[in-house]
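S.K.: sequence first, predicted model second:
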Amino acid sequence: MSKTLFNSEEKGKNSELPFLIIPTIDIDIEKKVDEQGNVYLRSKLDLKPHPYKITELLAFWAAQTPDTVFLAQRGKDGKWVKLNYVEVWERVQRVAQYLINCNLSVDRPLAILSNNSLEHAIVALAALHVGVPHAPISPAYSLKTNDYAKLKHCIQLLKPGLIFVQDARVYNHAVQSVAPEIPILTVGNEGFNKAVVFKDVLKTEITKAVDDAYDRVGRNTIAKILFTSGSTDMPKGVINTHGNITSNWQQITQTFPFMMEGGLQLMDWLPWNHTFGGNHNFGLVLFNRGTLYIDEGTPTSKGILVTVANLKEFPPTVYFNVPKGFEELIPFLKEDEALRAVFFSRLKMLFYGGASLPQHVWNDLEGLAIQATGKKILISSGYGMTEASPTALLNTRFGSGSGMLGVPVPALEIKLAPDGDKYEARCKGPNLTPGYWKNKRATCDAFDEEGFYKTADALKLADNENPNAGLVFDGRLAEDFKLNSGTWVRVGVLRSQFIEAGGGLFKDVVITGHDKDFLGAIVIVDVQNCAELLGHEGEIDLQSIIRAKPVSEALEKTLYLLAKKSTGSSTKIRRALIAEFELSVKKGEITDKGSINQRVILNHRTAIVDKLYHKECLPGVVEVRL
């Protein structure tokens, strides 16, 4: 079970242990409140000058430090294939010329169907270099569905002049189903009769047209279109310009200056079709002359084995991950002293995003750092979205605890707009999107009368008298609902409290009760931690966990603990049951990053909701009476 490494007495001792100190930006936040009760927060620190063309620094690093490894990925033989900055730069120019030869433009952009790869990186950088928008589309739209509805929607919206396909055998059926007439560039030619092969494109002769196209790139040139997950509707294409992305790189680097001049060395799996993996992680490496080793592992029981093997060979200076990724890694760090020593040998910061990190996971990570180094380490996060390219807030406080989002990055202003008893976070700054691709209505609806992007997330000040103390998450407004009494239920806060009370046994929970007279919960168990609770070694099926008395007792105890702290019907979960199903990416219940969509699950699992609200407490349903 994912227990903390230290008891309460030991935790007290830990508070006296030193941190591994790294330089961070000064915190100096200005707060203003207008007559309508809107709260405005901004950093008093100016954003420093920076390049605005994304590939400007690629050319610079290629000239200044040509032998520095930029990108690496395991080849078919299992050995690392490494490309230094000058090798990437030379390939990018040749592919850029090919894209010009294909007459790609803002009206004929590039679509990418690929996992993270060396070729994916080069094709994307080539498009960026000559001002051609590109859209890396989630592989799930091609590989985890039979109707290809979302893929078809994206392709029809983009109208691409070329599709890059990493593995023709994998993507052949999807592409032929939705876009058989569009030219294909592929790494392997199996399955596409008329496709151009990537290795042949690398022979393209470079002409002056490449430099001319680069010269026309400006701050407002569209860099990429990132499609949102589309959990409740078809995906929207978020536009990120060169200026959006480069300003955000400067905002982040200015906040964590240790990243500069090669300070960022990553082993990373996060997908580039998401803003966290693509704009943030990949982009910051390029911006700071770092090195990125592409981890082909995933935060699953099988995929984590690949990640562990990779981390034994290349220790990062920062480890970015989603909470699920950290949860999968922790057991290996606990059990393997050698892995733990290597992992923490150069590590300056742990950073989580995409979802809230349970406090018990935070405690484990801090305890592991102490075991490995004798010091605590900065565990950071922030707040962002695809529309912010992605970062709006960053937390630089050592030992702040899970849930702290930090303060606005330089040049970004946060507006907290009253919404009932909460405040919706709205953002404005150079990193904010100009809107959505070919969707004027969505663009218009996304911004308020002052030009602030409306996030639909509720944030609040940790200390109303001290804006420097930062902001914390206060729920997703779109997920909140009312009981039949008219009382609002704040789902985000309640969900976090439930996960924490479960002590690692329950990795997520769907809160029910819309127009009902009490709250219920559909609980997603952590199979590995439940197996350890049962003393089971090896694989165990979900049904065995559901039937196990210790697990149902733990669920009942969790409900009891929450009920004791509840303040009324809107904070007391009366009934809960363990989900007997696997969350579905195809149905939009879960994203590529592992975060869940409450509303979609409730829409798809009505029979389970009905079971919670049966007049009698049915078998499998746990009820607390307090």
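M.R.: Sure, I can see it.

S.K.: ramachandran coordinates for Glu119?
M.R.: Backbone torsions for Glu119, taken as degrees, to the nearest 10, come to phi -70, psi -40.

S.K.: can you give me the neighbour number for it?
M.R.: Glu119 has 22 neighbours, counted by other C-beta atoms under 10 Å. Using the backbone N, CA and C atoms, a C-beta is placed for each residue, glycine as well.

S.K.: which residues touch the helix or strand that Gln97 is a member of?
M.R.: Assigned by DSSP states H and E, Gln97 belongs to helix 85-101. Outside helix 85-101, the residues that touch it by C-beta atoms under 8 Å, 6 or more residues apart in numbering are 55, 58-59, 61-62, 65-68, 70-71, 83, 110, 121-123, 125-127, 129-130, 132, 162, 185, 201-207, 209-210, 213, 289.

S.K.: from those residues, which land in helices?
M.R.: Members of the contacts of helix 85-101 lying in helices (criterion: DSSP state H): 58-59, 61-62, 121-123, 125-127, 129, 201, 209-210, 213.

S.K.: could you chop the chain up by domain?
M.R.: Per the record, the chain has its domains at 8-49+263-269+291-476, 56-217, 481-623, by automatic domain parsing.

S.K.: what subset of the ones in helices among the contacts of helix 85-101 is buried?
M.R.: The neighbour-count test (16 or more other C-beta atoms under 10 Å) marks 58-59, 61-62, 121-123, 125-127, 129, 201, 210, 213 as buried among the ones in helices among the contacts of helix 85-101.

S.K.: so Asp517, which state does it fall into?
M.R.: coil (DSSP: H, G, I helix; E, B strand; the rest coil).

S.K.: quick one, strands of the stretch 451-600 of the chain?
M.R.: Assigned strands in the stretch 451-600 of the chain, in chain order: 453-461, 471-476, 481-482, 488-489, 506-512, 519-525, 573-578 (criterion: DSSP state E, counting those that start in this stretch).

S.K.: can you add mean neighbour count, mean pLDDT and distance to Asp26 and give these back as a markdown table?
M.R.: A markdown table is the format used below for the strands of the stretch 451-600 of the chain (neighbours: other C-beta atoms under 10 Å; pLDDT from 0 to 100; distance: least, C-beta to C-beta, whole Å):
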| stretch | mean neighbour count | mean pLDDT | distance to Asp26 |
| --- | --- | --- | --- |
| strand 453-461 | 20 | 94 | 19 |
| strand 471-476 | 20 | 87 | 17 |
| strand 481-482 | 18 | 80 | 41 |
| strand 488-489 | 18 | 81 | 38 |
| strand 506-512 | 25 | 92 | 37 |
| strand 519-525 | 23 | 95 | 41 |
| strand 573-578 | 24 | 95 | 42 |
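
S.K.: closest to Asn310 out of those strands?
M.R.: Taking C-beta to C-beta, strand 506-512 is the member of the strands of the stretch 451-600 of the chain nearest to Asn310, at 23.6 Å.

S.K.: could you give the angle of the closest one to strand 573-578?
M.R.: Counting by axes from the mean of the first three to the mean of the last three C-alpha atoms, to 10 degrees, strand 506-512 lies at 130 degrees to strand 573-578.

S.K.: which strands and helices lie in contact with strand 506-512?
M.R.: Applying 3 or more C-beta pairs under 8 Å, 6 or more residues apart in numbering; DSSP states H and E, we find strand 506-512 packed against helix 491-501, strand 519-525, helix 598-604.

S.K.: so what's Glu9 scoring on pLDDT?
M.R.: At Glu9, the model reports a pLDDT of 38.

S.K.: what do you get for Ser569?
M.R.: 88.

S.K.: what's the answer for Ser229, then?
M.R.: 69.

S.K.: same check, this time on the one 3 residues further on
M.R.: The score at Thr232 is 50. That number is its pLDDT.

S.K.: quick one: contacts for Leu57?
M.R.: Contact analysis of Leu57 by C-beta under 8 Å, 6+ apart lists 51, 286-287, 289.

S.K.: what's the distance between it and Ile122?
M.R.: Going from Leu57 to Ile122 by C-beta to C-beta, to the nearest Å gives 16 Å.

S.K.: got it, and Ser381?
M.R.: According to C-beta to C-beta, Ser381 stands 31 Å off from Ile122.

S.K.: for the most centrally placed residue in the chain, give me phi and psi.
M.R.: Nearest to the geometric centre of the chain sits Gly354, at 3.9 Å (C-alpha atoms, centre = their mean). When read as degrees, to the nearest 10, the backbone of Gly354 gives phi 90, psi -20.

S.K.: so, low pLDDT: which residues of the stretch 301-450 of the chain?
M.R.: The stretch 301-450 of the chain contains no residues with pLDDT under 70.

S.K.: can you map out the helices along it?
M.R.: With DSSP state H, counting those that start in this stretch, the ranges of helices along the stretch 301-450 of the chain come out as 303-313, 323-335, 337-343, 359-373, 440-446.

S.K.: buried residues in the fourth one, which are they?
M.R.: The neighbour-count check on helix 359-373 (16+ other C-beta under 10 Å) flags 359-372 as buried.

S.K.: now that helix, how far from the centre of its chain.
M.R.: 22 Å (C-alpha atoms, centre = their mean, to the nearest Å).

S.K.: which pLDDT value goes with Gln598?
M.R.: Looking at Gln598, its pLDDT reads 82.

S.K.: rewinding a little: same list (the strands of the stretch 451-600 of the chain) but as CSV, adding distance to Arg426.
M.R.: Shown next, in CSV, are the strands of the stretch 451-600 of the chain (distance: least, C-beta to C-beta, whole Å):
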stretch, distance to Arg426
strand 453-461, 5
strand 471-476, 13
strand 481-482, 22
strand 488-489, 20
strand 506-512, 25
strand 519-525, 29
strand 573-578, 31
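
S.K.: which stretch among those comes nearest Leu612?
M.R.: Among the strands of the stretch 451-600 of the chain, the nearest to Leu612 by C-beta to C-beta is strand 519-525 (3.9 Å).

S.K.: what pairs with that closest one, parallel or antiparallel?
M.R.: strand 506-512 (antiparallel), strand 573-578 (parallel) (DSSP bridges).

S.K.: could you dump those strands to JSON lines with distance to Val217?
M.R.: What follows is the strands paired with strand 519-525, written out as JSON lines (distance: least, C-beta to C-beta, whole Å):
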{"stretch": "strand 506-512", "distance to Val217": "42"}
{"stretch": "strand 573-578", "distance to Val217": "53"}
